[in-house]
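> take this sequence and fold it.
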Amino acid sequence: MAKTLCDWSRNKRRKKWDKYVRRVLPVQFICQKCGRAASDRKYLCRPESATPPSSS
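Have a look, this model is predicted:
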């Protein structure tokens, strides 16, 4: 099994859709490498917070 969602193929996402959705929602992080989103940083290879910086 792939270590991160970044490694999941399109076919694997379709086959394991329920598991994929549970790991993605609610979006908290975005991978800097491939742009995938996830609810926890451990599911991505290069996670970055999806929260936009506050404008001060």
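> what packs against the longest helix that the chain contains?
Counting residues, the longest helix found in the chain (DSSP state H) is helix 17-24. Helix 17-24 sits against strand 37-38, with contacts defined as 3 or more C-beta pairs under 8 Å, 6 or more residues apart in numbering; DSSP states H and E. The way it works is simple: take the backbone N, C-alpha and C, and place the C-beta from them, glycine included.
> give the pairing partners of the strand it packs on; include direction for each.
Each strand paired with strand 37-38, and its direction, by DSSP bridges: strand 29-31 (antiparallel).
> before we move on, back to that, which parts of the longest helix of the chain are buried?
Neighbour-count burial for helix 17-24, counted by 16 or more other C-beta atoms under 10 Å, picks out 20, 23, 24.
> hmm, who's touching that helix?
Identification of contacts with helix 17-24 by C-beta atoms under 8 Å, 6 or more residues apart in numbering yields 5, 8, 13, 37, 38, 39, 40, 43.
> CSV please, covering those and showing neighbour count, pLDDT and distance to residue 30.
Listed next are the contacts of helix 17-24 as CSV, based on neighbours: other C-beta atoms under 10 Å; pLDDT from 0 to 100; distance: C-beta to C-beta, whole Å:
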residue, neighbour count, pLDDT, distance to residue 30
5, 21, 91, 11
8, 20, 92, 15
13, 15, 92, 17
37, 18, 95, 5
38, 23, 96, 8
39, 16, 96, 11
40, 12, 96, 12
43, 22, 95, 11
